[in-house]
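K.L.:
I would like the atomic coordinates for the input below:
(one chain, ligands or ions: 1)
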Amino acid sequence: MKGFRLFRVLGIQISLNYTWFIVFGLIAWSLASNYFPSQYPGLSRSAHWTMGFLAAVFLFLSVLAHEITHSYIAKKEGIEVKEIILFIFGGVSQLGKEPENPQKEFKVAIGGPISSLILALIFWVLSKATSQAPNLILFTGLLGYLAFINLSLAIFNLIPGFPLDGGRVLRAIYWRKTGSLRKATQIAADTGKWVGMGIILLGLFWVLMGNLLGGFWFVIIGIFLRSAAEGGYQQVVMKGALEGVKVKELMSRGVISVPPSLQIHRLVEDFFLTHKHVTYPVTENERIVGIITLKQVKEIPRDQWVEKMVREVMVPIREEIMLDPEGEAVDALQKMIRTGEGRLPVVKDGKAVGMITRKDILNLLEIKTDLAA
Ligand SMILES: [Zn+2]
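P.N.:
This next block holds a predicted model:
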């Protein structure tokens, strides 16, 4: 999932997924035009819009507080947090690794819902306190809504289906009981899929009853939960199977590289069609300067294949498109997924020492999971 970078809190990058802008607008609009006018008909239109806008901003901050709590506990437990991405249904804290024992998993998972519960309580107390003053009714309404939304956040996240917080709590409990992260994840993910199915059916029922928007929303959440449960399980299996496997153990060592001054038509004839790889490192004085892939060549019109050189077309080398021989295979695979490149050079001291493909990693994964089954 991609994010739009916002700011850093406690050394953690906070990003917004683009879906958030849509949700933000929808929430502000539906609150200002429906919810607040029906609850507080005595207020003006501009007051309703102010409330709607502020409610959406504070909803965003509430979700952020929930995620920051997860990340803060994770960091305290020695788990690196790469990024927090806020998206359509809430947020995701991207942890550098899975918690290594059930106790840590439990603490990290439960922290978010507890912070939402505490916020709900604070907003509820504040709304009660302001309800005595009639000129503060705008705040009373806003605070009451925020108490409700934080309580909903806590309850929704406590649904016992992986990858929701409640599912992680469930997983931690089973993990402790069985001693197997894989089995525990499978149980929690299966529960997640059933919960997702239940939410979809509930949504469809609502649609049939005439509540189109609410029902449709539930169907989307249910579908999302099901696929997240599936994906979360696969990721754990993958990480388990690739644990400890290094890039250098999987890479092919006979690197065929091309010089930057090579013409494109020669590159096609002598490399793509001869060696049948789709990506080559570009090296100059034995140092890697870039990579060239079939994708870039395809973008050059054929009549320019003689005049254009590799140098003009290649992707200059940078951290995101090269691998460390000592790096973990599972990280290499994630890099490939992130960049969309199926074949990356392995670089040591500026030299291309090997190439590794997605297929190399997936083959090993298949063999290992076959053996484990
Ligand atoms: Zn959470």
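K.L.:
please name the nearest non-neighbouring residue to the residue of the stretch 151-300 of the chain found nearest the ion.
P.N.:
Nearest residue of the stretch 151-300 of the chain to the ion (CB to the ion) works out as residue 165 at 4.1 Å. For every residue, glycine as well, the C-beta is placed using N, CA and C. In space, and not counting its chain neighbours, residue 165 is closest to residue 157: 4.2 Å by CB to CB, 6 or more residues apart in numbering.
K.L.:
what about that neighbour, neighbour count?
P.N.:
Neighbours of residue 157 under the rule other CB atoms under 10 Å: 23.
K.L.:
so who does the residue of the stretch 151-300 of the chain closest to the ion touch?
P.N.:
With contact taken as CB atoms under 8 Å, 6 or more residues apart in numbering, residue 165 is in contact with 70, 109-110, 112-113, 157-158.
K.L.:
can you tell me how far the residue nearest to residue 165 is from residue 164?
P.N.:
Taking CB to CB, to the nearest Å as the measure, residue 157 falls 5 Å from residue 164.
K.L.:
what bits of the stretch 51-200 of the chain have low per-residue confidence?
P.N.:
88-97 (pLDDT under 70).
K.L.:
what residues does it have near the ion?
P.N.:
112, 157, 165 (CB under 5 Å from the ion).
K.L.:
and the gap between the first one and residue 74?
P.N.:
Spelled out, it's residue 112. Residue 112 is 11 Å from residue 74, by CB to CB.
K.L.:
looking at the two, which is more packed in?
P.N.:
Taking other CB under 10 Å, residue 112 and residue 74 do not tie; residue 112 has more neighbours (28 against 24).
K.L.:
which helix or strand contains the more buried one?
P.N.:
helix 102-130 (DSSP states H and E).
K.L.:
do the same with residue 205
P.N.:
helix 181-208.
K.L.:
what helices and strands are in contact with that helix?
P.N.:
With contacts defined as 3 or more CB pairs under 8 Å, 6 or more residues apart in numbering; DSSP states H and E, helix 181-208 has these neighbours: helix 165-178, helix 212-242.
K.L.:
any idea which of these is most buried?
P.N.:
Compared across these, helix 165-178 shows the largest average neighbour count, a mean of 22 (mean count of other CB atoms under 10 Å).
K.L.:
residue 142: how many residues sit nearby?
P.N.:
24.
K.L.:
residue 60 versus that one, what's the distance?
P.N.:
14 Å.
K.L.:
what's the answer for residue 215, then?
P.N.:
25 Å.
K.L.:
residue 368 now?
P.N.:
Residue 368 is 42 Å from residue 60, by CB to CB.
K.L.:
show me what counts as buried in the host helix or strand of residue 280.
P.N.:
Assessed by DSSP H and E, residue 280 sits inside strand 279-284. For strand 279-284, the neighbour count (16 or more other CB atoms under 10 Å) marks 279-283 as buried.
K.L.:
following the chain onward from it, which element is next?
P.N.:
As assigned by DSSP H and E, the chain's next helix or strand after strand 279-284 is strand 287-293.
K.L.:
strand partners (parallel or antiparallel) of that next one?
P.N.:
As defined by DSSP bridges, the strand partners of strand 287-293 come to strand 279-284 (antiparallel), strand 315-316 (antiparallel).
K.L.:
just give me how far stretch 4-23 sits from the chain centre.
P.N.:
Centroid separation for stretch 4-23 versus its chain: 12 Å, with CA atoms, centre = their mean, to the nearest Å.
K.L.:
again with stretch 197-213
P.N.:
Worked out by CA atoms, centre = their mean, stretch 197-213 lies 27 Å from the chain centre.
K.L.:
identify the residues contacting it?
P.N.:
214-223, 225-226.
K.L.:
is it possible to export the residues you listed to JSON lines including distance to the ion and pLDDT?
P.N.:
Putting the contacts of stretch 197-213 into JSON lines (distance: CB to the ion, whole Å; pLDDT from 0 to 100) gives the following:
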{"residue": "214", "distance to the ion": "23", "pLDDT": "77"}
{"residue": "215", "distance to the ion": "25", "pLDDT": "84"}
{"residue": "216", "distance to the ion": "24", "pLDDT": "84"}
{"residue": "217", "distance to the ion": "19", "pLDDT": "80"}
{"residue": "218", "distance to the ion": "19", "pLDDT": "83"}
{"residue": "219", "distance to the ion": "22", "pLDDT": "88"}
{"residue": "220", "distance to the ion": "19", "pLDDT": "84"}
{"residue": "221", "distance to the ion": "15", "pLDDT": "82"}
{"residue": "222", "distance to the ion": "18", "pLDDT": "86"}
{"residue": "223", "distance to the ion": "20", "pLDDT": "86"}
{"residue": "225", "distance to the ion": "13", "pLDDT": "81"}
{"residue": "226", "distance to the ion": "18", "pLDDT": "83"}
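K.L.:
please consider this matter closed, and thank you.
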